[in-house]
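Q: Turn this into a model:
(one chain, ligands or ions: 1)
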Amino acid sequence: MVLYPVIRRLRNKRVVLASASPRRQEILSTAGLRFEVVPSRFKEKLNKASFPTPYAYAIETAKQKALDVARRMHQGEWKREGETEKRRCERERDIDRLPPARAPTRAREEPATEKDLRAPDIVIGADTIVTLQGLILEKPVDKQDAYSMLSRLNGKEHSVFTGVTIIQCSCRDSRLDMEISEFHEETLVKFSQLSEELLWDYIHSGEPMDKAGGYGIQALGGMLVEYVHGDFLNVVGFPLNHFCKKLAELYLTRPNEDLPPAEHDSIPAVDTFENLSDAEGRGQGGAQGQADRPRALGRKNSVPSRMVDSLPPTPLLELLDGFKASKALFTACKMKVFDLLQDEAPLGAAEIAQRIEASEGGTGRLLDVCAALGLLEKTDRGYSNTELASLYLPSGGKYSLHPLIVYQDEHTWDFFTDLESAVREGTSRHRGAQGRTVDSLFQDRFYQSQDRKLQFLRAMHSLSKLTARQVATAFDLSRFTSACDLGGCTGTLAHELARAYPGLKVTVFDLPEVLEDVSGFQPDRARAPRVSFVPGDFFQDSLPEADLYILSRILRDWPDDKAHALLSRISGSCKPGGCLLVAETVLDEQKRAARPGLLQSLDLLVQSWGRERSLGEYGRLLQAHGFEIVGAARTGTIVDVILATRTTP
Ligand SMILES: Cc1cn([C@@H]2O[C@H](COP(=O)(O)OP(=O)(O)OP(=O)(O)O)[C@@H](O)[C@H]2O)c(=O)[nH]c1=O
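A: Model prediction:
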C-alpha cells in the first residue's frame, strides 16, 4: 500500500538510493517507493570538529554520498557506448515524455544496464549517527570499538540523528543541474543498565558491526533499549515520515515545471492529496495535466507561471503559520482534549465536542489540525492520542508538559506580541511595561500572586522533570558528599542527584516565597531522605556550605553584572577543589546553529534581562571568579552541562 500520494507521484521518475544499507532499502521498498540502489563510494571521513552540531555532520555526509552517486551516474557509467552527452540528455528527455514505465515494485540491486540508460531524476543519500555528550559514534571498526561504544551508551539516553539529502537532477546541455534539499531527524534512545556479560554476548552475535553506535534497535539490540522518544525508523536508518513530508513539500506543493503553465479556467479551488493522486493514475494527458497545476490558484482567470515561480518557498509558508500550530496545541491542551483521550479513545469529534463543552464544527477543525501535527491519530472510529501526545500532553502524566504549555499560552504568548518593541529597545518588556527593576524580577513577576506563582512553579517543575536525570548524570559526581542547588525551585534536580549518588546530601536554596509552596511537588519522604530545603536569597543571604554548587537555568535569567555578582558570592563560599555545575542551553560560539537556544535567548529578551550564552562566554564569566571549566557535555535535552572547579586563589 502506498501511504503517501507523493510516493506514487514518483513512479515515473528514476529514483536512486545512494546507500548500501539494507535497512534503508527495506524501509523505502515497504513504503512503496520504486528505486534502484547505487551505493556511494564516498569515504565517511569529514572532520567532525568542523561542524557546529552533530546533525550538521550527518547532513553533510549524506549530501556527499548522494553527490558522489549523482555525479558518477551523470559522468558516463550509465552512458551508451560512443554516445555524446548532448545525445544522452536528448534521449533522456524523450524517455521523460513516455508514459510511466512499468517499473518493478522492489528496489533493483544490480548495477544499471542498457535498459537503465536514463540519468537519475532523484538521488537520495542518508547518514545515521549516534551521539552522546557531543561525541559522534559511527559504525564500530572492530569488537573492541563496539564494546567501547556500547559501554559509553550503557544506562544513558543518547540521540540518534539521520541526515538525509534529496538531490533532484536535471540535464541541461549536457550539464548536470542539481537542486539539493536536506533535513535531519533526531530520536532519543535510552539504554538500560546492562552487564558486561550481556554487552559481550551482544557483540559476539556480530550484530553491532555494520551499525552506527554498535547496535541495531530493530533486532537483538532492541533488548538493550529502555525507551525511544521520536521516530523509530530514524534509529533504524531512515526517517520515513519526515522524508514523505519533505517529498510532499518538493513535489506536491511546488509548481510542476514539466507541465505547461495553467491556461484553462477549470481548476478546482482546492486540491486535496487524494484527488491529486487519483489524477496521477490517468496517464500524462489531459486529466493529470489539470490536476497537476499549481494549487491555490483555482480562480477563473489563470495566473501566469512567472507569478507562480515567484511565490515564496513552502518552508517559509510553514514558518509563517508556525504560531497557528503552537496556538492549536495550546488550545487543545487547555481544553483538556488529550486528558479526555487518554482515558477514553477513540472518540468522534461530536463526542469530544460535547465533553469539552465546545462547538462540534470548531472542535472538528482543531482535532484535524492536531492530527496533522502528529498529536492525534485519526481513524474511521475517531481520534486518539499518538504516543507522543500520551507521554507529554495529558495534565496528570509523569512527564506532562501541560503546565509549561499553559504557561507559554498565558504569559510567553503575550510577551511575544511585544517582540518588536523589545528588539527596538533591547530590553525586557517587563521593565518597559511596568517600571520594575532587575533586582526584583522574580518577586514582581511571578511571586506576587499565589495563582501565578503556582503556575510558574508547575511549569518549571515539568521542564526540570524532562532534563534532571541527564543533568545529574552527565558527569560522575560520586566524589562529592554535599551539594547545594541554588535556585533549585521544587527540588527536581536535587532528588535526581540524591537518587544517582547515594553518598550525596543535597540542599535546595531558594526564595522563601518559593519554598513555602514546594511541598506538593515532593516525592514520598522515604524516597527523598537526603534532600533538604533552605530559604534565602542568593544575592543577599549567606549560602549553605557545600563541596558542589549547582546553578541550573539560573545564569540565563540575569545580565552579566548580576551573573558576576552571583558567581562572586559562590566563589567566596566554595573551597578550592570544590566544583560548580552549571546547567544551561549552551549556544555555539558563532550563535549560528538553529538550536532552540536562540529562540530561548529571544524569549529572555522579551521576558527578563537575561540571555543564553556560549561556552566561551560561560568560560569567561566563570574564570573571572576562580572557576576553571573541566568538562562540558551535551545531554541530548535542551540543557547542557558545564562542570567547573574552584582553583586555588
Ligand atoms: C542505530 C542503528 C543504526 N543502524 C544502521 O547503521 C548504519 C549507519 O551507517 P551509515 O553510514 O549511515 O550507512 P551505511 O550502512 O554505511 O550505508 P551507506 O548509506 O551506504 O553509507 C545504517 O545502515 C543503519 O541502518 C541500524 O541498522 N540500527 C540501529 O539501531
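
Q: where's residue 533, which helix or strand?
A: strand 531-535 (DSSP states H and E).

Q: I'd like the next helix or strand past that strand.
A: Where DSSP H and E defines the elements, the next helix or strand beyond strand 531-535 is strand 548-552.

Q: orientation of the helix or strand just after that next one relative to strand 548-552 in degrees?
A: Using DSSP H and E, the helix or strand that follows strand 548-552 in sequence is helix 560-573. Orientation of helix 560-573 against strand 548-552 (axes from the mean of the first three to the mean of the last three C-alpha atoms, to 10 degrees) gives an angle of 160 degrees.

Q: Check which helices and strands the helix or strand that helix 560-573 is followed by sits against.
A: Following helix 560-573 in sequence order, the next helix or strand is strand 579-584 (DSSP H and E). For strand 579-584, the elements it packs on are helix 450-473, strand 548-552, helix 615-623, strand 640-646, judged by 3 or more C-beta pairs under 8 Å, 6 or more residues apart in numbering; DSSP states H and E. The C-beta positions use only the backbone N, C-alpha and C, and glycine is treated the same way.

Q: Just checking: what are the partner strands of the helix or strand following strand 579-584?
A: Using DSSP H and E, the next helix or strand after strand 579-584 towards the C-terminus is strand 586-587. Strand 586-587 has these partner strands in its sheet, going by DSSP bridges: strand 613-614 (parallel).

Q: Can you give the contact residues for the strand it pairs with?
A: The contact list for strand 613-614 (C-beta atoms under 8 Å, 6 or more residues apart in numbering) reads 555-556, 584, 586-589, 591, 621.

Q: Tell me the gap between it and the middle of its chain.
A: Offset of strand 613-614 from its chain centre (C-alpha atoms, centre = their mean, to the nearest Å): 20 Å.

Q: which residue sits closest to residue 341, ignoring its sequence neighbours?
A: Spatial nearest neighbour of residue 341, excluding adjacent residues (C-beta to C-beta, 6 or more residues apart in numbering): residue 385 at 4.8 Å.

Q: now swap in residue 227 and tell me
A: Nearest to residue 227 is residue 190, by C-beta to C-beta, 6+ apart, at 5.0 Å.

Q: Against residue 67, how distant is the residue of the stretch 201-350 of the chain found nearest the ligand?
A: Minimum separation of the stretch 201-350 of the chain from the ligand (C-beta to the nearest ligand atom) falls at residue 237, amounting to 2.6 Å. Here residue 237 is placed at a distance of 19 Å from residue 67 (C-beta to C-beta, to the nearest Å).

Q: Neighbour count for these two, which is higher?
A: With neighbours defined as other C-beta atoms under 10 Å, residue 237 and residue 67 compare such that residue 237 has more, 24 against 19.

Q: Alongside the ligand, which residues does the protein contribute?
A: With C-beta under 6 Å from any ligand atom as the criterion, the chain comes near the ligand at residues 19-21, 23, 39-40, 44, 65, 126-128, 130, 139, 160, 210-213, 215-218, 221, 235-237.

Q: Those in helices, which ones?
A: 23, 65, 235-236 (DSSP state H).

Q: Can you show me the strands along the stretch 201-350 of the chain?
A: Under the criterion DSSP state E, counting those that start in this stretch, strands of the stretch 201-350 of the chain are mapped to 225-229.

Q: any weak-confidence spans in it?
A: 253-314 (pLDDT under 70).

Q: Mean confidence (pLDDT) on stretch 37-49, please.
A: Per-region confidence: stretch 37-49 scores 92 on mean pLDDT.

Q: Mind listing what's buried along that stretch?
A: 37-38, 40, 42, 46 (16 or more other C-beta atoms under 10 Å).

Q: Pick out whichever of those sits closest to the ligand.
A: Of the buried residues of stretch 37-49, the one sitting nearest to the ligand (C-beta to the nearest ligand atom) turns out to be residue 40, at 5.5 Å.

Q: separation between the closest one and residue 69?
A: For residue 40, the distance to residue 69 - C-beta to C-beta - is 5 Å.

Q: How about residue 545?
A: Using C-beta to C-beta, residue 545 is found at 63 Å from residue 69.

Q: got it, and residue 341?
A: 45 Å.

Q: who has more neighbours, those two?
A: residue 341 (28 against 25).

Q: ok, the nearest residue to residue 503 once chain neighbours are set aside - contacts?
A: Leaving aside its sequence neighbours, residue 503 sits nearest to residue 481 (C-beta to C-beta, 6+ apart; 5.8 Å). Applying C-beta under 8 Å, 6+ apart, we find residue 481 in contact with 503-505, 547.

Q: Neighbour-wise, give me the winner out of those residues.
A: residue 504 (23 neighbours).

Q: how is this protein carved up into domains?
A: 5-248, 253-313, 321-399, 440-646 (automatic domain parsing).

Q: Contact partners for the closest residue to residue 20 other than its chain neighbours?
A: Closest residue in space to residue 20, ignoring its immediate chain neighbours: residue 39 at 3.8 Å, by C-beta to C-beta, 6+ apart. When contacts are counted by C-beta under 8 Å, 6+ apart, residue 39 is found next to 18-20, 69.

Q: Tell me where the stretch 251-400 of the chain has helices.
A: 273-280, 286-291, 305-309, 314-320, 322-334, 337-343, 349-355, 360-372, 387-392 (DSSP state H, counting those that start in this stretch).

Q: Need the winner for burial among those.
A: Among those, helix 337-343 has the highest mean neighbour count (mean count of other C-beta atoms under 10 Å), at a mean of 21.

Q: contact partners of it?
A: Here helix 337-343 has contacts from 332, 347, 352, 355-356, 366-367, 370, 375-376, 383-385, 389-390, 393-397, 402, using C-beta under 8 Å, 6+ apart.

Q: try 10 Å
A: 329, 331-333, 336, 347, 351-352, 355-356, 358, 363, 366-367, 370, 375-377, 382-386, 389-390, 392-397, 400, 402, 405 (C-beta atoms under 10 Å, 6 or more residues apart in numbering).

Q: got the CA positions of that helix in PDB?
A: Extracted in PDB, the C-alpha atoms of helix 337-343 (Å, rounded to 0.1, in the frame of the first residue of the first chain):
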ATOM      1  CA  VAL A 337      -8.500  17.200  24.700                       C
ATOM      2  CA  PHE A 338      -5.500  15.000  25.500                       C
ATOM      3  CA  ASP A 339      -6.700  14.300  29.000                       C
ATOM      4  CA  LEU A 340     -10.000  13.100  27.700                       C
ATOM      5  CA  LEU A 341      -8.500  10.900  25.000                       C
ATOM      6  CA  GLN A 342      -6.100   9.400  27.500                       C
ATOM      7  CA  ASP A 343      -9.000   7.900  29.400                       C
END
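
Q: Centre of the chain to that helix, how far?
A: 25 Å.

Q: One more: stretch 456-463?
A: 21 Å.
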